[in-house]
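In: Please find the sequence and the predicted model below.
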Amino acid sequence: MNVLLLSMPDSFEHMPPVAVRMPNGALTSLAGNVDEHHRVAVADLILRHDQVQQTVDQLFRSFNPDVLGLSVMTFQRRTAERIIALARSLKPDVKVVVGGYDPSLAADAYEGIGVDYIVRGEGEVTFRELLRALEKGGGFESIAGLSHRADGRWLHNPPRPVHRLEGDDIRLPNRAARVLQGYTLLGRQVDVVETSRGCTYDCSFCSIIEMRGRNFHTYSFDRVLRDITDARDHGARTIFLVDDNITLNVRRFEELCKAIIKAALNKLDYFVQAMTSPIATHGETLAPLMRRAGFRYVFLGIENILEGDLQFLRAAAKNTTRKKGANTGNATLQAIDWLHRNQMYVVGGLIVGSPDDTRESIEANLEFARGYVDWPYIQHPTPYPGTPMTRQFRERGLIANERLEEYDGTTAVVRTEHVPAQEVEFMRWKAERWMKIRHMPAALWHDPWFVVRHAGEMFAHTFRGCTLRSMLGLEDDQRAFERYKAIRQRERAYL
Ligand code: B12
Ligand code: SF4
């Protein structure tokens, strides 16, 4: 069968396509795990975000898919719906399959929009079995993790237990299946690699627990190194390790760094997401190893610098330093210090706009970001399907916006007890622009040619909505913010 797999074109404020176009790791993993006689094409629509309709049209003409698979996050649901309608108009009998976080956690929303199959949770084995059932013309009811229709009704088969990632059942991603090019992280070709799946924490804003429960499974180093090598052989110079929480097992992470160095794969740049606590506690040995292995950017899940907010986000435990088993305080500054001492950059993940936040508590977090992080990645709490936080916001009547296409993390869709949503977002937007500009010299030093060519566009993106008058302080920033909001509104209509 011909199988076309698409990821959505929607991006958000911290990932402007001019500088960041990241491949979707799920799709190449699915492509690597179907039976070999299928023809698979993977297209990340972020690479054609300004020509979505023409690209889908052209892919249908050239590839003539029997099966169309879409990977969808919640803020991309409306775009997915439109792509499905377009696909149906191009080929009415194409079988449409959806998977990823949104279809898994809000399966009901996909029942009436032209979808044939919903893959809930991990997809490799379920999708492989689905294609076999389609070829056989039956057997859908025995596929764990699949939702399908029978006699006009939707049936939701029992969930599939999470995979332990042992053995060769999940094969390497198939990067050769990609049909569009142009992945980049600040000018260097980027690819994604997994070394583990899962997390045992339960932060209230995170979808992971509802998606797969609290567990942690790892791939063997041999497989990870083969995967990195394959990414490099396909042109990658930067690798994003997309593990949910690689720092859960620090000893393993240190061994992984050593394995990367030993395999001479440390000429690549690495980008990873980490908790503050293990970096703070084990930074003395971990951080130098990370540096030697090639780590350049570390996304730190700081979440918030205030204890009350950390309690609400259920993120206090992962932000605490420990010595000999005893808690010794907030880990953030210590973690940042270890990373900076070892020449790594901190992407500061902060969340502002929790229910009890005041203007002062939001400002305290923004001030912290100004002082300590190299690249701000400040978001607002967003009520994604199935998270504990969503239930709390709903119970307290704080959800101000139900338009899911705006659930991108940088649009404030909830208000606090003290500050309206729009004002929370305004405060973040106003502060973050200048923090981002500060990182330009470091980016210029690393990738001069890219930055010289794209500095204008990057600057223009960061200051969208501003005019010379607003930059000179001759116009109220609120006006510039309104123009920025209007630009975002238009941009979201990808087709
Ligand atoms: C790495 C990552 C990123 C990376 C890379 C994204 C990319 N291009 O792949 C970056 C940093 C860029 C990113 C950004 C964002 N992310 Co993100 N990200 C993740 C993370 C940590 C891992 C995702 C991953 O690659 N896993 C590995 C792959 C193999 O697994 P997978 O994606 O789950 O896919 C499996 C199944 O879901 C299924 N599947 C997936 N798609 C499909 C399609 C079909 C057809 C089938 C059959 C099956 C299937 O099969 C796959 C293999 O088993 C998750 C989870 C987490 N713990 O936080 C969040 C997560 C996916 N991100 C999320 C969000 C919201 C975002 C942002 C909007 C904002 C933010 N919070 O940072 C932006 C938007 C990105 C954009 N387009 O602009 C949310 C999604 C919530 C939701 N309900 O939609 C998550 C769950 C985090 C959370 N907040 O809970 N993200
Ligand atoms: S530590 Fe990270 S992956 Fe784990 S639950 Fe919290 S936010 Fe999610």
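Out: Looks like it came in fine. Residues are numbered from 1 along each chain as shown. Ligands and ions are numbered 1, 2, ... in the order given.

In: packing partners for the helix or strand hosting Leu59?
Out: Using DSSP states H and E, the element containing Leu59 is helix 52-63. Contacts defined by 3 or more CB pairs under 8 Å, 6 or more residues apart in numbering; DSSP states H and E place helix 52-63 against strand 2-7, strand 39-44, helix 77-90. Using the backbone N, CA and C atoms, a C-beta is placed for each residue, glycine as well.

In: now those in JSON lines, with mean neighbour count, mean pLDDT and distance to ligand 1?
Out: Converted to JSON lines, those look like this (neighbours: other CB atoms under 10 Å; pLDDT from 0 to 100; distance: least, CB to the nearest ligand atom, whole Å):
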{"stretch": "strand 2-7", "mean neighbour count": "24", "mean pLDDT": "99", "distance to ligand 1": "6"}
{"stretch": "strand 39-44", "mean neighbour count": "22", "mean pLDDT": "98", "distance to ligand 1": "7"}
{"stretch": "helix 77-90", "mean neighbour count": "19", "mean pLDDT": "98", "distance to ligand 1": "8"}
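
In: of these, which approaches Ser470 most closely?
Out: For the helices and strands packed on helix 52-63, proximity to Ser470 was assessed by CB to CB; helix 77-90 is nearest, at 30.6 Å.

In: roughly how far is the closest one from the heart of the chain?
Out: In terms of CA atoms, centre = their mean, to the nearest Å, the centre of helix 77-90 is found 22 Å from the chain centre.

In: And for stretch 284-298?
Out: Stretch 284-298 has its C-alpha centroid displaced from the chain centroid by 22 Å (CA atoms, centre = their mean).

In: Repeat that for stretch 180-196.
Out: 13 Å.

In: is any part of it close to ligand 1?
Out: Yes. Looking at stretch 180-196 against ligand 1 by CB under 6 Å from any ligand atom, the contacts come from Val192, Glu194.

In: can you check stretch 351-358 too?
Out: No. Contact of stretch 351-358 with ligand 1 (CB under 6 Å from any ligand atom) is absent, the minimum separation being 9.5 Å.

In: Whether that stretch contacts ligand 2 - can you check?
Out: No. Taking CB under 6 Å from any ligand atom as the criterion, stretch 351-358 and ligand 2 are apart, separated by no less than 9.9 Å.

In: Just the buried positions in that stretch, please.
Out: Within stretch 351-358, the residues scored as buried using 16 or more other CB atoms under 10 Å are Ile351, Val352, Gly353, Ser354, Pro355, Asp357.

In: Distance to Ser142 added to the residues you listed, as CSV?
Out: Putting the buried residues of stretch 351-358 into CSV (distance: CB to CB, whole Å) gives the following:
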residue, distance to Ser142
Ile351, 42
Val352, 47
Gly353, 45
Ser354, 44
Pro355, 44
Asp357, 49
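
In: Up against ligand 1, what does the stretch 1-150 of the chain have?
Out: Selection of the stretch 1-150 of the chain residues close to ligand 1 by CB under 6 Å from any ligand atom yields 10-12, 15, 22, 24-26, 29-30, 69-71, 73-75, 97, 99-102, 105, 119, 122-124, 127.

In: Strands of the stretch 151-300 of the chain, start to end?
Out: For the stretch 151-300 of the chain, strands defined by DSSP state E, counting those that start in this stretch occupy the ranges 153-156, 184-185, 190-193, 196-197, 217-218, 238-241, 269-274, 295-303.

In: right, and these - which one's nearest Met211?
Out: Per CB to CB, nearest to Met211 of the strands of the stretch 151-300 of the chain: strand 196-197, 10.0 Å.

In: counting contacts, what elements does the closest one pack onto?
Out: Against strand 196-197 (3+ CB pairs under 8 Å, 6+ apart) you get strand 217-218.
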